[in-house]
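A.B. asks: output the structure for:
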Amino acid sequence: MDLAKYCVEAVLAEGRSIRQVAAATGTSKSWVHRKVAAYRVGGAPALEPGKRGPKVPANLLAASREDEIVAWRKHLWNSGLDAGADTIAWHLRAAGRTPPSVSTIHRVLRRRGLVTAQPQKRPRTSWTRFEADLPNECWQSDMTHWHLDGEVPVEIINFIDDHSRAVLASVAVDVATAAKVVEIFFTTAATYGLPASVLSDNGAIYTAAYRGGHTGLELELTALGITFKHGKPPQTQGKVERYHQTLKKFLRRQPLAPTLEALQSQIDRFVELYNEVRPHSARGCPPMKAWRARDKATPLLNGQPMAPATKVRRDRIDKTGCFTLRYRSKLHHVGVGRAHQGKRVLILMADLDVRVIDTEGNTLRHFELDPSVDYQRRDRDIV
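C.D. replies: Numbers count the residues shown, from 1 in each chain. Have a look, this model is predicted:
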């Protein structure tokens, strides 16, 4: 029997004094007196143990603060953006507010029915993670499918930086081909510099090893001294695969684009938010902020690191054994030799330092450009 009920029955039913009952049970007279008084007012339910501590928890958020958190959740969710507790805390801080802890925000979302438990998910402790130490140390690339209004199928080719998660290219195309991948790669490299390595899956637009050949990207990267790695999705290309999900979540909240150009405008708007505004959970800040924060890795060409500011251009040797090179609006002719006519070459230019290499990685010329003359003779070659 509960001690309080025993004491009350001993006093009221047996007629024993409060002093006697208190002495027999090892309690105080005042405690027994309170229990008897409570029973007389409220009956047996009054003897049930009540909740201890303050009626209102000290860490309970005000309703207005909870409403603010919910409003951010709905705004981000309806925009197709990440709406987790970490992201909401970041936006509150960016708006000049002092956010509660991430765990508190998560409890608010769960209490308001905005978070669904997913017990089937693997715990974070089971993940085996890898991450490049520097920006441009590794780019991940992959293609994903989408469609225009009217169920017209299109594809999106993406390049992201492994270290910062910055989206360096996200381009909608009607059909992804090996040639378009090469074009997008060089356009991206012209803006962000060349990476030390590239990671992709074994799709036909990336590798032709299983066909006994080489794709355009494989040849170009080999010539530049860039390591090309292939893995199995989604484990190895987890970062770019995750970006696909995030991008599509945003696109589903938008009207279906009627044209490829309209879709590209939607993608460009999202990439701007993703890179410059939206904090990435792995970095704690927008990806481009992380990309700019550190020195950039560069590929090794003939054992020497390539200058980060190196510009890359593709050309073909003409029948006279030359190609043209523009420097500060002035056109220069560079002689390579008639033996190489018709050969495709890569021109690497770091200010006045120029290297000409073929698609197999052989250096055909390495010289310092003389801006004062048109024809660049071989006596300027660096040995």
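A.B. asks: stretch 177-189: how far from the chain's middle?
C.D. replies: 21 Å (Cα atoms, centre = their mean, to the nearest Å).
A.B. asks: buried residues in it?
C.D. replies: For stretch 177-189, burial by neighbour count (16 or more other Cβ atoms under 10 Å) applies to 177-178, 180-186, 188-189. Where C-beta positions appear, they are placed from N, C-alpha and C, glycine not excepted.
A.B. asks: and if you look at stretch 334-348?
C.D. replies: 334-336, 340, 343, 345-348.
A.B. asks: again, but for stretch 266-281
C.D. replies: For stretch 266-281, a neighbour-count test (16+ other Cβ under 10 Å) marks 266-267, 270-271, 274-275, 278-280 as buried.
A.B. asks: mind listing which of the residues you listed are in strands?
C.D. replies: The members of these all map outside strands under DSSP state E.
A.B. asks: farthest pair within these?
C.D. replies: Gln266 and Pro279 (21.3 Å; Cβ to Cβ).
A.B. asks: kindly reformat the buried residues of stretch 334-348 as TSV containing distance to Ala204, pLDDT and secondary structure.
C.D. replies: Below are these laid out as TSV (distance: Cβ to Cβ, whole Å; pLDDT from 0 to 100; DSSP: H, G, I helix; E, B strand; the rest coil):
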residue	distance to Ala204	pLDDT	secondary structure
Val334	35	93	strand
Gly335	38	92	strand
Val336	33	92	coil
His340	30	92	helix
Lys343	26	91	coil
Val345	26	90	strand
Leu346	23	87	strand
Ile347	28	89	strand
Leu348	28	88	strand
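A.B. asks: is the most centrally placed residue in the chain in a helix, a strand, or coil?
C.D. replies: For the chain, the residue sitting closest to the mean C-alpha position, by Cα atoms, centre = their mean, is Arg165 at 4.1 Å. Following DSSP: H, G, I helix; E, B strand; the rest coil, we place Arg165 in the coil state.
A.B. asks: grab the nearest non-local neighbour of it.
C.D. replies: Spatially, and ignoring its direct neighbours in sequence, Arg165 is nearest to Pro287 (4.5 Å; Cβ to Cβ, 6 or more residues apart in numbering).
A.B. asks: burial check on the one you found, number of neighbours?
C.D. replies: 26 (other Cβ atoms under 10 Å).
A.B. asks: quick check: phi and psi on it?
C.D. replies: When read as degrees, to the nearest 10, the backbone of Pro287 gives phi -50, psi -40.
A.B. asks: verify the stated contact: it with Asp162.
C.D. replies: No. With contact defined as Cβ atoms under 8 Å, Pro287 does not reach Asp162; the gap is 11.0 Å.
A.B. asks: what's near enough to touch Ser164?
C.D. replies: 135, 283, 287-288, 290-291 (Cβ atoms under 8 Å, 6 or more residues apart in numbering).
A.B. asks: hang on, the earlier thing: so which of the buried residues of stretch 334-348 comes closest to Ala297?
C.D. replies: Leu348 (16.4 Å).
A.B. asks: just grab the bridge partners of the closest one for me.
C.D. replies: In this entry, Leu348 is beta-bridged to Val312, Arg355, by DSSP bridges.
A.B. asks: wait, what's in contact with it?
C.D. replies: 224, 301, 306, 310-312, 354-357.
A.B. asks: what subset of those residues is buried?
C.D. replies: 224, 301, 306, 310, 312, 354-357.
A.B. asks: dump these to CSV, plus distance to Ser101 and pLDDT.
C.D. replies: Output for the buried ones among the contacts of Leu348, formatted as CSV (distance: Cβ to Cβ, whole Å; pLDDT from 0 to 100):
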residue, distance to Ser101, pLDDT
Leu224, 47, 85
Leu301, 49, 75
Met306, 45, 80
Thr310, 46, 82
Val312, 47, 84
Val354, 56, 91
Arg355, 54, 89
Val356, 58, 91
Ile357, 55, 88
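A.B. asks: nice, that's everything, thank you.
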